[in-house]
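Chemist: With the input below, show me the fold.
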Amino acid sequence: MTTKFRRQLTLFVERQNAGIIEKIRQQYNPIQYSLIDSHVTLCREDEIENIEQIIANLKCLKKMEIIIKFKKATRFENGKGVFLPAELENREFDDLRKQILYGIDDNPKRQEPHITLMHPRNSTCTDKIFNEIKKMNLPTKLDFKTISLIEQFNGGKWNVLQDFRIDFTQ
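Modeler: Numbers count the residues shown, from 1 in each chain. Below is the predicted model of the structure:
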């Protein structure tokens, strides 16, 4: 059997801010909840194949404040999934991606930051569930202090390989 692994760079939601998000994920998407904590994907596996250069860039990052503002929960994938999409303007997020991908892709494709509440791969949202989620007091703004290099083997639980602090309190 061939081992399949994936690596990504992720911004995990700080534990103190993740309560309601994790409650929704645990209740309505327990499979995804068991695989990975709530997060915003920063760079996908195809973008970080040159991992040595990526890690070098991560170690040289300037300290910054990454705050993402979110809109209301939205259904996607023919209504099967639910996510918190970010506001359209995310200059800090885009700048962070450019710094990480410097020398690999100096004009990276635009990535739409979001937090998945129900992944359509392993859950199905109904109108009833979506109406319950819409009534919840979901965060409208989150700050991120750490970039995590994560890895998944054969579709299993994601594991943190290394963390890189990006905030000013280090």
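
Chemist: Just give me the neighbour total for Thr10.
Modeler: As a burial measure, Thr10 scores 21 neighbours (other Cβ atoms under 10 Å). Where C-beta positions appear, they are placed from N, C-alpha and C, glycine not excepted.

Chemist: before we move on, what about the one 5 residues further on?
Modeler: Arg15 is flanked by 10 other residues according to other Cβ under 10 Å.

Chemist: List the beta-bridge partners for the residue nearest to the spatial centre of the chain.
Modeler: Geometric centre of the chain, nearest residue: Val40, 1.6 Å, by Cα atoms, centre = their mean. Beta bridges link Val40 to Leu11, judged by DSSP bridges.

Chemist: isn't it right up against Thr10?
Modeler: Yes: with contact defined as Cβ atoms under 8 Å, Val40 counts as touching Thr10 (7.1 Å).

Chemist: sorry, back to before: what's the distance between the residue nearest to the centre of the chain and Thr124?
Modeler: Noted for Val40: a distance of 23 Å to Thr124, by Cβ to Cβ, to the nearest Å.

Chemist: Same check on Pro139?
Modeler: In this structure, Pro139 and Thr124 are 24 Å apart, going by Cβ to Cβ.

Chemist: again with Gln162
Modeler: Distance from Gln162 to Thr124, counting by Cβ to Cβ: 35 Å.

Chemist: So for these two, which sits in the more crowded spot?
Modeler: Neighbour totals were compared for Gln162 and Thr124, and Thr124 leads with 14 against 11 (other Cβ under 10 Å).

Chemist: What pLDDT is listed against that one?
Modeler: Here the pLDDT value assigned to Thr124 is 92.
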